[in-house]
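S.K.: Just to be clear, the model below is a prediction. Sequence and coordinates:
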Amino acid sequence: MMKFMGMRSETGREHENEIQGDPMSKPSGQAVSPAGRAGLTAASGQGGQQAVRSFLKRYLVAILVPLLLILFSILAPSTFLTANNFQTILTTNAVLIILAVGETIVLVTGEFDFSFGGTLGISAAIVVMMITNMHGVNSAEAITVSFLAALFIGILNAFFVIVLRVKSFIVTLGMGTLTTGIGLGITGSQTVSNPSKFLTTVMTKHIFGVGLPFFYGLIMVIGLWVVFEFVKTGRNMYFVGEGRKAAFLAGIHVNRIRAGVLILSSVCAWLAGMVMLGQTTAVDATYGGPYLLPVFAAVFLGFTTIRSGRFNALGTFVGVLVLAIGSTGLEVLSVPSWITQVFDGGVLVIAVALANILGGERIDQWA
């Protein structure tokens, strides 16, 4: 009787395991059916595919950096694959890095800033014309005035967007055109040489063969990454971008953050203007215009990498590298200049498409 009860108990446990669907609890001697093995294999295959998709979703754009390096190194090994060329790529794209950081700050909160090109141009124009035309004005004074002018532009942007409730897309687009026009008036629509020896000295210094301005941009990238990842203000900026009403109800100072990012973007454009003025030793009020597409292309490429579905500092930096390597590679191959424009425009379109497909959320909410 005891033996029979023991056998019954064991059979009951096996039956219970089968009901609960435990594939590892099959009775002794019972093999897994072919259908069961096929199901396990399919599940394993699906898991592997999901892992691959997840990896590509986060790092597809980052993978382009080594791929482009390999491609152009094969096509032009004697000119592209040199230390001097890599140093030049980093040095000459410092302005793009700084502008892209400023735009990343704005886009995180769901706003746009199209005025950075005009702010860059007018900031540099003010420095040149004050030193040239005003007797006794030194570089420090001229740079301070240009900084205050850029700050005022950012405050104006914030006033129209926050107080008057005009879309940032319209406000900053108009402000960029306005400031470019003023800059052309200041310089007489001419390219004017830079009289500031201070800016030339600071912006042309090198560390390990790389221009100092690149390290300014790198510090800004790292600083923004720290803010986004570890500082409450950075998290609040994301909350504002994801939903202003919800952020307001959560006690976040929404309008203060929106105003702050527009002002910070103008300050970044001012710094980019000082870097460009020091590196090129001349100023043209329209110098900032050609950066419009590359900046947005870099930031939207960054939206799809590292932290896919979010504008982020490291992703923006990767986006800049993709554009910088691609543009430099095309120049080394001596292709017509229109191809470079096609590359920049095509990258922007692809970046926006990838942001929709891989980013996890649609970006047309900002349009």
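M.R.: Okay, I see it. What you see is a predicted model, and the numbers here were worked out from it, not measured in a lab.
S.K.: any idea how far whichever helix or strand residue 220 is part of is from the chain center?
M.R.: Using DSSP states H and E, residue 220 maps to helix 212-230. Mean-position distance between helix 212-230 and its chain equals 12 Å (Cα atoms, centre = their mean, to the nearest Å).
S.K.: residues making contact with the helix or strand just after it?
M.R.: Sequence order places helix 232-242 as the next helix or strand after helix 212-230, per DSSP H and E. The contact list for helix 232-242, computed with Cβ atoms under 8 Å, 6 or more residues apart in numbering, reads 105, 107-110, 227-228, 246-247, 250, 252-254, 257-258, 261, 310-311. Using the backbone N, CA and C atoms, a C-beta is placed for each residue, glycine as well.
S.K.: redo that, cut-off 10 Å
M.R.: 105-111, 224-229, 231, 246-248, 250-258, 260-261, 307, 310-313, 361, 365-366 (Cβ atoms under 10 Å, 6 or more residues apart in numbering).
S.K.: Show me what the helix holding residue 220 is packed against.
M.R.: helix 83-92, helix 94-108, helix 197-203, strand 206-207, helix 232-242, helix 254-280, helix 313-332 (3 or more Cβ pairs under 10 Å, 6 or more residues apart in numbering; DSSP states H and E).
S.K.: Now the first one: buried residues?
M.R.: For helix 83-92, the neighbour count (16 or more other Cβ atoms under 10 Å) marks 85-92 as buried.
S.K.: Enumerate every residue touching residue 225.
M.R.: Contact partners of residue 225, counting by Cβ under 10 Å, 6+ apart, are 234, 306-307, 312-317.
S.K.: Which pair in those residues has the greatest spatial separation?
M.R.: Farthest pair in these (Cβ to Cβ) is 234 and 317. Separation: 16.1 Å.
S.K.: wait, which of the buried residues of helix 83-92 is closest to residue 347?
M.R.: Once Cβ to Cβ is applied, the member of these that ends up nearest residue 347 is residue 89, at 16.0 Å.
S.K.: Could you report the separation of that closest one from residue 227?
M.R.: Using Cβ to Cβ, to the nearest Å, one gets 27 Å for the distance from residue 89 to residue 227.
S.K.: Count the neighbours of residue 129 for me.
M.R.: 20 (other Cβ atoms under 10 Å).
S.K.: packing partners for whatever helix or strand it lives in?
M.R.: Element membership for residue 129 (DSSP H and E) is helix 116-133. For helix 116-133, the packing partners by 3+ Cβ pairs under 10 Å, 6+ apart come out as helix 94-108, helix 139-158, helix 168-187, strand 192-193, helix 197-203, helix 254-280, strand 282-283, helix 292-303.
S.K.: OK, contacts around the spatially closest residue to residue 129 that is not a sequence neighbour?
M.R.: Nearest residue to residue 129 in three dimensions, chain neighbours excluded: residue 186, at 5.2 Å (Cβ to Cβ, 6 or more residues apart in numbering). By Cβ under 10 Å, 6+ apart, the residues touching residue 186 are 121-122, 124-126, 128-130, 133, 192, 283, 285.
S.K.: got it, and residue 335?
M.R.: 329, 342-343 are the contacts of residue 335 under Cβ under 10 Å, 6+ apart.
S.K.: Which residue lies nearest the spatial centre of this protein?
M.R.: Centroid check for the chain by Cα atoms, centre = their mean gives residue 316 as the closest residue, at 2.3 Å.
S.K.: excluding its backbone neighbours, what's nearest that residue?
M.R.: Nearest to residue 316 is residue 302, by Cβ to Cβ, 6+ apart, at 3.7 Å.
S.K.: Perfect, I'm done here.
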